[in-house]
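Student: Sequence first, predicted model second:
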Amino acid sequence: MASELMSQVVGILAGGLTAIFVFKSYELLKPLFKKEESEESEENTSKTLKCSN
């Protein structure tokens, strides 16, 4: 009985920590993703300009 309870508690803690970690890493990486997207769009526009020339 105690081992089942402990495994449930460990599972809940692990799930909570994972959710917090994912959320924090998402908050930290969000600006990086936006930068990459803007750089990619700039590259695409420069490529289309080169093609039109």
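Tutor: Arrived safely.
Student: show me where pLDDT drops low in this protein?
Tutor: Along the chain, segments meeting pLDDT under 70 span 36-53.
Student: so who does residue 12 touch?
Tutor: By CB atoms under 8 Å, 6 or more residues apart in numbering, residue 12 lies in contact with nothing. In this view, the C-beta of every residue, glycine as well, is placed from N, C-alpha and C.
Student: Kindly report the same for residue 9.
Tutor: With CB under 8 Å, 6+ apart, residue 9 has no contacts at all.
Student: if you go through the protein in chain order, where are the helices?
Tutor: Applying DSSP state H to the chain gives helices spanning 2-52.
Student: Can you get me a residue count around residue 4?
Tutor: Other residues near residue 4 come to 8 when the count uses other CB atoms under 10 Å.
Student: go on, the one 4 residues further on?
Tutor: Other residues within reach of residue 8, judged by other CB under 10 Å, total 10.
Student: go on, residue 34?
Tutor: Applying other CB under 10 Å, we find 10 other residues in the vicinity of residue 34.
Student: Tell me how far it lies from residue 23.
Tutor: Per CB to CB, to the nearest Å, residue 34 is found 17 Å from residue 23.
Student: Kindly report the same for residue 4.
Tutor: Per CB to CB, residue 4 is found 29 Å from residue 23.
Student: Could you do residue 13 as well?
Tutor: Look at residue 13 and residue 23: by CB to CB, they are 16 Å apart.
Student: Over to residue 1?
Tutor: 33 Å.
Student: Compare neighbour counts for the two and give me the winner.
Tutor: Shown here are residue 1 and residue 23; by other CB under 10 Å, residue 23 has more neighbours (10 against 5).
Student: Could you report the distance from the more buried one to residue 9?
Tutor: Taking CB to CB, one finds residue 23 at 21 Å from residue 9.
Student: Over to residue 27?
Tutor: From residue 27 across to residue 9, the span is 27 Å (CB to CB).
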